[in-house]
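K.L.:
Could you look at this predicted model? Sequence included:
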Amino acid sequence: MNKVKKQKGFTLIELLVVIAIIGILAAIVLVNVNSARNKAKDAALKANLASLPAAAELFYDNASTYVGVEADTTYGFKTAYDAAAAISAAESVVGTASGWCACAQSVTTTTNYYCLDAAGHNTTSAITCAVDCEGTDVLCTGT
C-alpha cells in the first residue's frame, strides 16, 4: 500500500491572492494618510495665521501704523506669516496706515482661501488673495 504524501504549504494562486489583497489595502491606507496630512497642513496654516493679530497689534502699539507690519521681525508677525506661507501655495499680506490683511490658500481645497484682517474678519472663501489683500483694500470682505 502506497501512502500519498501531502505537501504542506500554499499554492501559487493562494499566495498571489493574498498579495493582491494586501496591495489593495495598502493603497486605501495611503490615500487616507495623504488626506489626513493635508488636513493637518490646513490646521497648521490656520494656527499660524491666528497668531498674526496679536503680533500686528504689538507692532501698531509701537509704530502707530500698520505700514511695514509684513516685514516685522520684532513682534513675530513676519515669522508667523512666513510659517503660513511655507505651507500655502498662494498668499499675500499688506499693511497700510489704517489696517492690515493676510491671506493664504487652503491645502485641502485649493479654491478656498483663509483671510484675516485688522478689523477682526476671519473668513474662508473662494475670494482670491489678490482680490482681498492687495493694494489699499485691507478687509477680508472680497471687495
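P.N.:
Cool, got the structure. Keep in mind that this is a model prediction, so the values were computed, not measured.
K.L.:
Please make it C-alpha for all contacts and neighbour counts, starting now.
P.N.:
Will do.
K.L.:
my read: T123 touches C115, true?
P.N.:
Yes: between T123 and C115 there is a contact at 5.2 Å, judged by CA atoms under 8 Å.
K.L.:
Compare the two (neighbour count), which wins?
P.N.:
C115 (29 against 17; other CA atoms under 10 Å).
K.L.:
Is the more buried one in a helix, a strand, or coil?
P.N.:
Following DSSP: H, G, I helix; E, B strand; the rest coil, we place C115 in the strand state.
K.L.:
Contacts only, for it.
P.N.:
When contacts are counted by CA atoms under 8 Å, 6 or more residues apart in numbering, C115 touches C101, A102, C103, A104, H121, N122, T123, T124, C129, D132, C140.
K.L.:
Take those residues and lay them out in CSV including secondary structure and distance to V33.
P.N.:
Converted to CSV, those look like this (DSSP: H, G, I helix; E, B strand; the rest coil; distance: CA to CA, whole Å):
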residue, secondary structure, distance to V33
C101, strand, 33
A102, strand, 29
C103, strand, 27
A104, strand, 23
H121, coil, 32
N122, strand, 28
T123, strand, 27
T124, strand, 24
C129, helix, 29
D132, helix, 32
C140, coil, 32
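K.L.:
got CSV for these, with distance to A27 and pLDDT too?
P.N.:
Shown next, in CSV, are the contacts of C115 (distance: CA to CA, whole Å; pLDDT from 0 to 100):
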residue, distance to A27, pLDDT
C101, 41, 85
A102, 37, 86
C103, 34, 85
A104, 31, 86
H121, 40, 80
N122, 37, 82
T123, 35, 81
T124, 31, 82
C129, 35, 66
D132, 39, 60
C140, 40, 73
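K.L.:
I'd like to know which of those are buried.
P.N.:
Neighbour counting by 16 or more other CA atoms under 10 Å classes C101, A102, C103, A104, N122, T123, T124, C129, D132, C140 among the contacts of C115 as buried.
K.L.:
Now do the same contact list for A55.
P.N.:
Y75, G76, F77.
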